[in-house]
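Asks: Compute the structure for the input listed below.
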Amino acid sequence: MKSRPGRIAQSSACCYERICHVSPSLMASILLFWIVSCMVFPTRLWAKPLVLPDLFSHSFSLSDDFALPGSSPNGPTKDPVKEPPLPGSQSDSPETESKKGEKDFAGFGLEIQGGSRLPVSAGAQVLIRVPAGFRLVTGIGWLPETYVSWINGLAGMFDGYSDYAADVVKSSLKNSMSLDFHLGWEPFPPGGFYMELGYNLFVLGGEHTPLEIIALASGYRFPENSIGVDVPTESRAHNLVFELGYEFIFLEYFSATLGVGGFKTIAAHNDIQSGISLLAVKEWEKKSESYLNNLYEKYVGAIYVSLWLGWRIF
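Replies: Residues are numbered from 1 along each chain as shown. Okay, the predicted model is just below:
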């Protein structure tokens with residue numbers, strides 16, 4: 001019977017002999033497996049040329065080759081894909097959304113105003129703000145009889161504007177529709193100081209006027225009996241407007257505007273229809289209309305006060 005050291009030496013010799021027989025086939029199998037793995041699963045070793053120093057200095061593992069997206073050999077890492085924000089988070093809070101809306105409409109504004117330009121018109125207008133401080137104003141109003149009386153009072157300060165002329169202007173202009181189109185600029189929008197230059201039109205007003213009053217105002221005698229005869233008169237006056245003012249903004253969505261301006265008629269068209277087809281009457285109508293056109297262009301105009309209350313939509 002062999003001693004224990006002898007048995008250990010015999011077992012070691014047997015194991016060494018088996019390894020020597022198996023090692024060539026084992027090494028070939030490992031090499032083949034590595035080549036197939038590199039073809040199927042490219043890694044950093046396969047992506048760049050392998051040189052001998054890299055083979056010994058590069059550390060690799062199965063975790064590198066088969067790592068899931070967002071993981072690393074040192075442990076799990078945060079997924080780079082951003083998850084959608086949860087409801088109520090800061091990204092979709094009302095304050096954030098309002099700031100986004102302010103950025104979308106930066107420099108723009110829309111406002112509805114109601115008020116009057118004394119003594120030009122009373123009505124409503126829409127104010128549109130655009131970038132660089134520019135403002136567009138369009139409005140519609142009504143020219144009451146009282147306002148025409150004030151305009152006549154200012155025009156009566158000049159020589160040549162008789163009481164008869166004032167009566168004709170009043171009857172042909174009162175209750176007209178007033179249309180405004182202004183272009184303005186404000187240095188510190190929204191609100192604050194502003195200046196505007198624009199166009200105003202008086203149209204679709206007037207009523208019947210006694211022929212004798214027109215004859216006395218124009219100086220042209222009516223060829224027929226004009227006592228007690230009234231004719232419809234209608235005037236269209238094109239006016240140039242200039243205005244300076246200041247807009248106060250309060251409670252964020254409301255505004256009050258105070259301004260001073262003036263308008264002057266630069267062109268006019270008067271229509272007198274007597275209904276008489278006589279040639280002499282037609283000539284008289286043309287002369288009287290020409291007189292009234294010159295009367296408007298020379299005398300009609302006024303300094304006005306602008307008062308408005310507005311609601312700012314954005």
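Asks: What ranges does this protein have for its helices?
Replies: Under the criterion DSSP state H, helices of the chain are mapped to 4-40, 44-47, 52-57, 62-65, 94-104, 145-155, 163-173, 211-218, 279-299.
Asks: Please enumerate the strands of the stretch 101-250 of the chain.
Replies: Secondary structure of the stretch 101-250 of the chain by DSSP state E, counting those that start in this stretch: the strands cover 109-118, 121-130, 134-143, 176-185, 192-203, 208-210, 230-250.
Asks: Select, out of these, the one closest to residue 223.
Replies: Of all these, it is strand 230-250 that lies closest to residue 223, at 13.7 Å by C-beta to C-beta. All C-beta atoms are positioned from the backbone trio N, CA, C, and that covers glycine.
Asks: That closest one pairs with which strands?
Replies: Strand pairing for strand 230-250, using DSSP bridges, gives strand 192-203 (antiparallel), strand 208-210 (antiparallel), strand 254-272 (antiparallel).
Asks: Make CSV from those and add mean neighbour count to it.
Replies: CSV is the format used below for the strands paired with strand 230-250 (neighbours: other C-beta atoms under 10 Å):
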stretch, mean neighbour count
strand 192-203, 18
strand 208-210, 16
strand 254-272, 18
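Asks: The nearest residue in space to residue 285 that is not next to it in sequence and residue 186: what is the separation?
Replies: Residue nearest to residue 285 in three dimensions, not counting chain neighbours: residue 272, with 4.9 Å by C-beta to C-beta, 6 or more residues apart in numbering. Relative to residue 186, residue 272 is positioned 44 Å away (C-beta to C-beta, to the nearest Å).
Asks: Check residue 180 too.
Replies: Distance from residue 180 to residue 186, by C-beta to C-beta: 17 Å.
Asks: Compare these two (neighbour count), which wins?
Replies: For the pair residue 180 and residue 186, the greater number of neighbours falls to residue 180 (23 against 19), based on other C-beta atoms under 10 Å.
Asks: related to what we said a few turns ago, go through the strands paired with strand 230-250 and find the least confident stretch.
Replies: In terms of mean pLDDT, the lowest-scoring of the strands paired with strand 230-250 is strand 208-210 (a mean of 87).
Asks: what's the burial count for the closest residue in space to residue 219 that isn't next to it in sequence?
Replies: Nearest residue to residue 219, sequence neighbours excluded (C-beta to C-beta, 6+ apart): residue 291, at 7.6 Å. Neighbour count for residue 291, taken as other C-beta under 10 Å: 18.
Asks: Same question for residue 243.
Replies: 22.
Asks: which residues touch it?
Replies: 182, 184, 195, 196, 197, 198, 259, 260, 261, 262, 306 (C-beta atoms under 8 Å, 6 or more residues apart in numbering).
Asks: returning to what we had before: with distance to residue 297 added, can I get the strands paired with strand 230-250 in a markdown table?
Replies: Below are those laid out as a markdown table (distance: least, C-beta to C-beta, whole Å):
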| stretch | distance to residue 297 |
| --- | --- |
| strand 192-203 | 13 |
| strand 208-210 | 19 |
| strand 254-272 | 6 |
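Asks: What's the end-to-end length of stretch 197-213?
Replies: 36 Å (C-alpha to C-alpha, to the nearest Å).
Asks: what bits of the stretch 201-314 of the chain have low per-residue confidence?
Replies: Residues of the stretch 201-314 of the chain that meet the criterion pLDDT under 70 lie in 226-227.
Asks: and with 90 instead?
Replies: For the stretch 201-314 of the chain, the stretches flagged by pLDDT under 90 are 204-213, 215-216, 218-234, 272-282, 314.
Asks: so who does the nearest residue to residue 253 once chain neighbours are set aside touch?
Replies: The spatially closest residue to residue 253, leaving aside those adjacent along the chain, is residue 312, at 4.9 Å (C-beta to C-beta, 6+ apart). When contacts are counted by C-beta under 8 Å, 6+ apart, residue 312 touches 109, 110, 111, 190, 249, 252, 253, 254, 255.
Asks: For burial, what's the neighbour tally of the closest residue to the fourth one other than its chain neighbours?
Replies: Okay, so that is residue 190. Distance criterion C-beta to C-beta, 6+ apart; nearest residue to residue 190, sequence neighbours excluded, is residue 109 at 5.3 Å. When neighbours are counted by other C-beta under 10 Å, residue 109 registers 16.
Asks: Repeat that for the one 5 residues further on.
Replies: Under the neighbour criterion other C-beta under 10 Å, residue 114 is assigned a count of 15.
Asks: if I look at it, how far off is residue 176?
Replies: 19 Å.
Asks: do the same with residue 214
Replies: 18 Å.
Asks: These two: which has the busier surroundings?
Replies: residue 214 (30 against 24).
Asks: wait, that one sits on residue 233?
Replies: Yes. Shown here, residue 214 and residue 233 form a contact pair, counting by C-beta atoms under 8 Å, at 7.5 Å.
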